[in-house]
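> what's the 3D shape of this:
(chains A and B)
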Number of protein chains: 2
Amino acid sequence: MDKDNNLIWIEKSRKIIKDFRIFKACEVVSAAPDGRENTFTQLDSPDWVNIVCVVKNKDGEDSFLMVRQFRHGSSAITMEFPAGLIDKGEEPEKAAKRELLEETGYSAEKFIPIGVVNPNPAFMNNTSYTFFAVNPVKSDGQSLDADELIDVKMVPIKEFEDKMGSGEFMNAITIIAYLWYKKMAKRT
Amino acid sequence: MDKDNNLIWIEKSRKIIKDFRIFKACEVVSAAPDGRENTFTQLDSPDWVNIVCVVKNKDGEDSFLMVRQFRHGSSAITMEFPAGLIDKGEEPEKAAKRELLEETGYSAEKFIPIGVVNPNPAFMNNTSYTFFAVNPVKSDGQSLDADELIDVKMVPIKEFEDKMGSGEFMNAITIIAYLWYKKMAKRT
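Residues are numbered from 1 along each chain as shown, chains lettered A, B, ... in the order given. Modelled structure (predicted):
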């Protein structure tokens, strides 16, 4: 749109600095509307998926099925919704089904898309999809990567709401998935 | 805690691959509980701040004061709450005051902390703080960096709620700030 000509930068060239496997770190040279150029960082990243799965815990409380694991970014243990990278060419819904099964051993009747975000448009180009798992059932399909040391937990929704934004419940993408879940729950 | 010995990795060494200014990209070698080692990516990042500021638009509607700008990660225009990096040694509240003024020209009576998240514990070590600006007033303090081409907008809260998770309203950190705002508004 013409009216945005004052805001849009045009990419002139890019260089991959390093392929970190979970993203490629690039330097992009772009030109501002007035012609001057500058260099910006972009992490060229696969899309992500995360899955909200509600089960009854042993006390019969509606609980989120979550994964508790050590995270190498924050160097700390976090409580998160099951999540992972979407493989190249994989449908987000298929990735949701695959990740839920691999990380928790649960499958579900179907997966409903409940929300989409850009984790970080300032320097990442990817999208994070959230799905809701309908009628989940426990199977024996858990299959973790060698480096995934994961405890599967049932966290009562009330407990999640009390704790989100503190302690182990500070992962931004998990908190947004909760928001999409609440929006869906309100509609139904 | 002893009970988490099955999850915790211990850092053995690290190497800075490149200082990208907005973060340092590092490779960290860590040891699992069973002793085997692997290499992980960590972006050593300054903390972030973002600010929820509610003003009346020209029709008298309660509106978020937002910034519309081109983002070099997503290569697209986004609508976001005013936000920025916290300087080394700077208090988050001071950064909130500084960023709101620089990006929008607004100041406020005080800044209340309303929520905290880790944007990405999988590979980032930083924290994002959200503040609510109490009694904002327009001043003439806007002072953008040379590379910040920003349009300041008043977005009715209703419009934000309709659009979040689509189009220009997909920044994860902005959506979480909205969630903290709603939690605060419910309490007061």
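> CA only for contacts and neighbour counts going forward, please
OK.
> ranges for the strands of chain A?
A:10-19, A:24-31, A:37-44, A:48-56, A:62-71, A:76-80, A:83-85, A:106-107, A:110-117, A:128-134, A:137-138, A:150-156 (DSSP state E).
> The fifth one and chain B in contact?
Yes: Strand A:62-71 lies in contact with chain B when judged by CA under 8 Å from any CA of the partner chain; the contacting residues are A:Gln69, A:Phe70, A:Arg71.
> what packs against that strand?
When contacts are defined as 3 or more CA pairs under 8 Å, 6 or more residues apart in numbering or on different chains; DSSP states H and E, strand A:62-71 packs onto strand A:48-56, strand A:76-80, strand A:150-156, helix A:157-163.
> strand partners of that strand, parallel vs antiparallel please.
As defined by DSSP bridges, the strand partners of strand A:62-71 come to strand A:48-56 (antiparallel), strand A:76-80 (antiparallel), strand A:150-156 (antiparallel).
> Show residues contacting the last one.
The reference is to strand A:150-156. Strand A:150-156 is contacted from outside by A:55-57, A:61-70, A:103-104, B:7, using CA atoms under 8 Å, 6 or more residues apart in numbering or on different chains.
> Ignoring the adjacent residues along the chain, who's closest to A:Met170?
Once flanking residues are discounted, A:Met170 sits nearest to B:Val117: 4.7 Å by CA to CA, 6 or more residues apart in numbering or on different chains.
> what's the spacing between A:Gln42 and chain B?
5 Å (CA to the nearest CA, to the nearest Å).
> Looking only at residue counts, what's the top helix in chain A?
The residue-count maximum for a helix in chain A (DSSP state H) belongs to helix A:172-187.
> residues of it that come out buried?
Neighbour-count burial for helix A:172-187, counted by 16 or more other CA atoms under 10 Å in any protein chain shown, picks out A:Ala172, A:Ile173, A:Thr174, A:Ile175, A:Ile176, A:Ala177, A:Tyr178, A:Leu179, A:Trp180, A:Tyr181.
> pLDDT weak spots in chain A?
Applying pLDDT under 70 to chain A flags the ranges A:1-2.
> redo that, cut-off 90
A:1-6, A:139-149, A:187-188 (pLDDT under 90).
> what's near enough to touch A:Ile17?
Taking CA under 8 Å, 6+ apart, one finds A:Lys24, A:Ala25, A:Cys26, A:Glu27 in contact with A:Ile17.
> run the last query once more with 10 Å
Contacts for A:Ile17 (CA atoms under 10 Å, 6 or more residues apart in numbering or on different chains) come out as A:Lys24, A:Ala25, A:Cys26, A:Glu27, A:Thr41, A:Leu43, B:Ile17, B:Lys18.
> Could you check how far the residue lying closest to A:Val55 once chain neighbours are set aside is from chain B?
By the measure of CA to CA, 6+ apart, the closest residue to A:Val55 outside its immediate chain neighbours is A:Ser63, 5.3 Å from it. Using CA to the nearest CA, A:Ser63 is found at 21 Å from chain B.
> Counting neighbours, what do you get for A:Pro121?
Per other CA atoms under 10 Å in any protein chain shown, the neighbour tally for A:Pro121 reads 25.
> Now do the contacts for it.
A:42-43, A:127, B:70-78, B:170-173.
> Select from those the one having the most neighbours.
B:Ile173 (29 neighbours).
> That one and chain A, how far apart?
Look at B:Ile173 and chain A: by CA to the nearest CA, they are 7 Å apart.
> Against A:Cys53, how distant is that residue?
Relative to A:Cys53, B:Ile173 is positioned 23 Å away (CA to CA, to the nearest Å).
> Repeat that for A:Val117.
Applying CA to CA to A:Val117 and A:Cys53 gives a distance of 19 Å.
> Next: A:Tyr181.
Using CA to CA, we find A:Tyr181 at a distance of 10 Å from A:Cys53.
> Give me the common contacts of the two.
Taking CA under 10 Å, 6+ apart as the contact rule, A:Tyr181 and A:Cys53 both touch A:Phe131, A:Phe132.
> From the opening residue of stretch A:14-24 to its closing one, how far?
End-to-end distance of stretch A:14-24 (CA to CA): 12 Å.
> Since that was my last question, I'll sign off now.
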